[in-house]
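Visitor: below: sequence and its predicted model.
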Amino acid sequence: MLIPPLLAAFLEFLDLGLPVTIPAFASLGLAVVMFFLPNYNAIDEAKKARLEFTRALGAYIELVALERNNGSGVRQAMEAAAEIGDSWVFQRLNEELTRSRWSGLPPWEALHTLGDELGLPELDDFADIMRLSGEEGASVYANLRARSAAMRTAMLNDELTQANAVGERMTIPGSLLGVTFMALLVAPSLLRMFSNT
């Protein structure tokens with residue numbers, strides 16, 4: 001809010017004064033923009049964190065599948081897989097699983113709660129698969145591998161879509177640059193032609 005009045009004072013010092021209303025409206029406009037900017041930044045950071053969590057979750061599901069294939073129990077497989085990674089995602093999963101162990105809750109309930117808290121339906125799906133394995137003793141190796149492959153395919157498709165959108169946006173500046181270059185090439189001959197007539 002101080003930038004417009006300071007800029008107005010600087011311009012007044014240079015004898016280029018502005019009406020008082022311009023800095024006042026500029027201060028209010030900047031205040032409104034700066035009020036909403038942290039909210040926008042938080043939403044953007046949350047989106048990036050969800051994407052990072054989803055990527056790490058694909059690796060975590062693969063690790064749990066390998067642990068289950070080696071004969072580990074449901075809780076043991078989930079905890080061992082969470083202890084392997086050192087990113088914040090694996091640490092958060094490990095914290096939730098440890099909390100569920102100490103509170104006596106099944107690990108899939110902790111993952112359901114975490115999935116609801118973070119807004120990650122993929123984590124809910126994984127928790128459902130692990131619940132089937134824990135409660136009914138179902139073999140989930142193939143399901144976990146298929147779920148991990150489906151997540152990787154979905155992320156790859158999203159990234160390809162984003163890359164295509166960026167590529168399409170890049171054609172506009174390239175086209176404008178080509179038109180500008182052609183105008184620079186043609187302009188001297190057109191000027192000569194019109195100046196001779």
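Guide: Thanks, I have the structure now.
Visitor: how about the helices in this structure?
Guide: Secondary structure of the chain by DSSP state H: the helices cover 3-13, 21-69, 74-84, 88-103, 107-118, 121-136, 141-196.
Visitor: mean neighbour count and mean pLDDT for those helices - can I get that in CSV?
Guide: C-betas here are computed from N, CA, C, even on glycine. CSV is the format used below for the helices of the chain (neighbours: other C-beta atoms under 10 Å; pLDDT from 0 to 100):
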stretch, mean neighbour count, mean pLDDT
helix 3-13, 13, 72
helix 21-69, 15, 86
helix 74-84, 20, 90
helix 88-103, 16, 92
helix 107-118, 18, 90
helix 121-136, 18, 85
helix 141-196, 11, 86
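Visitor: for V140, phi and psi?
Guide: phi -120, psi 10 (degrees, to the nearest 10).
Visitor: against G104, how distant is it?
Guide: V140 sits 23 Å away from G104, going by C-beta to C-beta, to the nearest Å.
Visitor: out of the two, which sits in the more crowded spot?
Guide: V140 (24 against 6; other C-beta atoms under 10 Å).
Visitor: doesn't L132 make contact with the more buried one?
Guide: Yes. Shown here, V140 and L132 form a contact pair, counting by C-beta atoms under 8 Å, at 6.6 Å.
Visitor: spell out for me which residue occupies the centre of the chain.
Guide: K48 (2.3 Å; C-alpha atoms, centre = their mean).
Visitor: E122 touches M151, doesn't it?
Guide: Yes. Checked against C-beta under 8 Å, the pair E122 and M151 is within contact range at 6.0 Å.
Visitor: not counting its neighbours along the chain, what's nearest A56?
Guide: The shortest distance from A56 to any non-neighbouring residue, by C-beta to C-beta, 6 or more residues apart in numbering, is to V89 (3.7 Å).
Visitor: also E109?
Guide: Spatial nearest neighbour of E109, excluding adjacent residues (C-beta to C-beta, 6+ apart): S100 at 6.5 Å.
Visitor: so what's the one you found up against?
Guide: S100 is in contact with 106-107, 109-110, counting by C-beta atoms under 8 Å, 6 or more residues apart in numbering.
Visitor: mind checking how far it is from L111?
Guide: S100 is 8 Å from L111, by C-beta to C-beta.
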